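Asks: sequence first, predicted model second:
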Amino acid sequence: MIYLLILIGYALLMILLGLFFARRVRTSSDFYVARRDLGATLLTATLLAANIGAGSTVGATGLGYQDGLSALWWVGSAGVGSLILAFSVGPRIWSVAQQQNLYTVGDYLEFRYDRRVRSIVAILLWIGALAILAGQLMAIAWILEVTVGMAKWQGCLIGAAVATIYFTAGGLGGVARVNLIQLGIKLIGFGGALLWLLVESGGWNGIRSAIELRGQTAHFNLLGHGSGSWWRYLIMLAPAFIISPGLLQKIFGARSSADVRRGVAINAVLLLAFAVVPVLFGLIAAVRYPHLVNRELAMPTLLIEALPLWLGGLLLGALFAAEVSTADAVLFMLSTSVVRDLYQLRIEPAADDDRLILITRRVAVLCGLTGALLAIWLDTVVAALTIFYTLLTSALLLPIAAGLYLPRVDARSTSVTIIISTGVTFFLEIANRTGLAGPGGVPANPLIWGILVGGVTMCIFVLRRDKPVIPFTG
């Protein structure tokens, strides 16, 4: 009952903050790009809040519980991708967005290529974004199931409701300011709980000794093995954090390219530092509760059984803040894409600011409900996030990179590349999962083959063209 009251308090705080900051929203520019007035501090906060979500907490703790130190690469790969974003793609695409008054990645794709490319990517993005939204809501459901005995479907709906309400109220500007407060809650909750558990477990030496006594020495293999190998995480996650529309659209709201570099870089360094936190939680849970049926219950189980009430309340707040802050980032990406790439583009091109904000809010509510229903259906957080990261990278890595750095790439070649890259990736993924690829499966990660084949396709088109096709080269 106490945890339920604590949870209600956190939820009301976030909703009230969102409603408070909603007073700043007057135009679609306010809602979509926060008046392009985000300094480095707010940009760091809103990016880090988006990046430390279900995968980085409940999911990564579950991987640490199951695989040990190799789970560092889950969040660590996000940090590596963010460093690349900070000093290459981020400032470059911000300059284009600033000059051309672009609000979304869909706007950029139409400017750089054409509506055909924008539409193809938008459809793929909607599918992937719903999967990652489901992952965040599923993590909230696991937490509520363990702490207050709430059914999964109830937890999914509550998480969706909280994130949807404060996002629809304040847009990017409001979300960024709520995220700053959520970041403080996360630091206090995760930091305090981890220090307590480390002391209780005898520090690193105590944890290591307990796991070695069970013969689980593979837990200390930093490079991992099988599906938990470092290179698999790096290939799947690092590119996704370079070209994620949700992150790029937040960058569009930055005040200057210097703020982009500084804000994204600080976010990257903090992600690399945070990578160790869920892994340690997972190892501690492996020592204390070695027979959990679902690895993703490791974090919630520690919260309810291994911590005093006051500290469990802080960790509960940190977890709830982590999951809903990433959920609001996905809602931002998804709803703005639907409105800009479908509604305004094809249904009501002459819609004014008030109409666009109204439709975006309605779409966000619909997306929140759809994500909750998908979360109820899917099994694990990591499964949901894997769908998103694989789809996102196979569809967007080549178009965005080529758009910024290869002026000879045109719309036709990009459309073909997207279809081939995503098609190859998912055909091989299905072949692996169904056994069609044989006993050993595909000899390399399907995503590698998808990007490789797509890249070769794009190169063939580029070599046949002798003149640039874009008016802006960065």
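Replies: Received the coordinates, thanks.

Asks: per-residue confidence for the nearest residue to Leu223 once chain neighbours are set aside?
Replies: Nearest residue to Leu223, sequence neighbours excluded (C-beta to C-beta, 6 or more residues apart in numbering): Trp230, at 4.9 Å. For glycine as for every other residue, the C-beta is placed from the backbone atoms N, C-alpha and C. Predicted confidence (pLDDT) for Trp230: 83.

Asks: so, low pLDDT: which residues of this structure?
Replies: The chain contains residues with pLDDT under 70 at 1, 225-228, 379-384, 437-443, 465-474.

Asks: buried residues in stretch 266-279?
Replies: The neighbour-count check on stretch 266-279 (16 or more other C-beta atoms under 10 Å) flags 266-268, 270-272, 274-279 as buried.

Asks: now, among those, which is nearest to Tyr166?
Replies: The nearest member of those to Tyr166, counting by C-beta to C-beta, is Asn267 at 21.0 Å.

Asks: let's see which of the buried residues of stretch 266-279 end up in helices.
Replies: 266-268, 270-272, 274, 276-279 (DSSP state H).

Asks: just those now: which is nearest Ile211?
Replies: Closest approach between these and Ile211, by C-beta to C-beta: Val279, at 12.3 Å.

Asks: tell me which helix or strand the residue nearest to the closest one when sequence neighbours are not counted sits in.
Replies: Nearest residue to Val279, sequence neighbours excluded (C-beta to C-beta, 6+ apart): Gly64, at 3.9 Å. Assigned by DSSP states H and E, Gly64 belongs to helix 60-67.

Asks: now do that helix: which elements does it pack against?
Replies: helix 72-84, helix 276-288, helix 298-305, helix 381-405 (3 or more C-beta pairs under 8 Å, 6 or more residues apart in numbering; DSSP states H and E).

Asks: mind listing what Leu133 touches?
Replies: 160, 327, 330-331, 334, 367-368, 371, 374-375 (C-beta atoms under 8 Å, 6 or more residues apart in numbering).

Asks: any idea how far Ser337 is from it?
Replies: To Ser337, Leu133 is 13 Å away according to C-beta to C-beta, to the nearest Å.

Asks: chain center to the helix or strand containing Gly206: distance?
Replies: Using DSSP H and E, the element containing Gly206 is helix 203-213. Centroid separation between helix 203-213 and its chain, computed with C-alpha atoms, centre = their mean, to the nearest Å, is 32 Å.

Asks: buried residues, that helix. List them.
Replies: Across helix 203-213, burial judged by 16+ other C-beta under 10 Å covers 207-208, 210-211.

Asks: among the residues you listed, which two are most distant?
Replies: Farthest pair in those, by C-beta to C-beta: Arg208 and Ala210, 7.4 Å.

Asks: so what sits against both of those two?
Replies: Common contact partners of Arg208 and Ala210 (C-beta under 8 Å, 6+ apart): none.

Asks: give me the residues contacting stretch 288-307.
Replies: When contacts are defined by C-beta under 8 Å, 6+ apart, stretch 288-307 is touched by residues 3, 57-59, 61-66, 139, 142-143, 145-147, 193, 196-197, 200-201, 214, 278, 281-282, 284-286, 312, 315-316, 319, 380-382.

Asks: among those residues, name the buried ones.
Replies: Among the contacts of stretch 288-307, those classed as buried by 16+ other C-beta under 10 Å are 3, 57-59, 61-66, 139, 142-143, 145-147, 193, 196-197, 201, 278, 281-282, 284-286, 312, 315-316, 319, 380-382.

Asks: hang on, the earlier thing: ok, which of the helices and strands packed on helix 60-67 comes nearest Gln182?
Replies: Per C-beta to C-beta, nearest to Gln182 of the helices and strands packed on helix 60-67: helix 276-288, 15.9 Å.

Asks: distance from the chain centre to the closest one, please.
Replies: Mean-position distance between helix 276-288 and its chain equals 22 Å (C-alpha atoms, centre = their mean).
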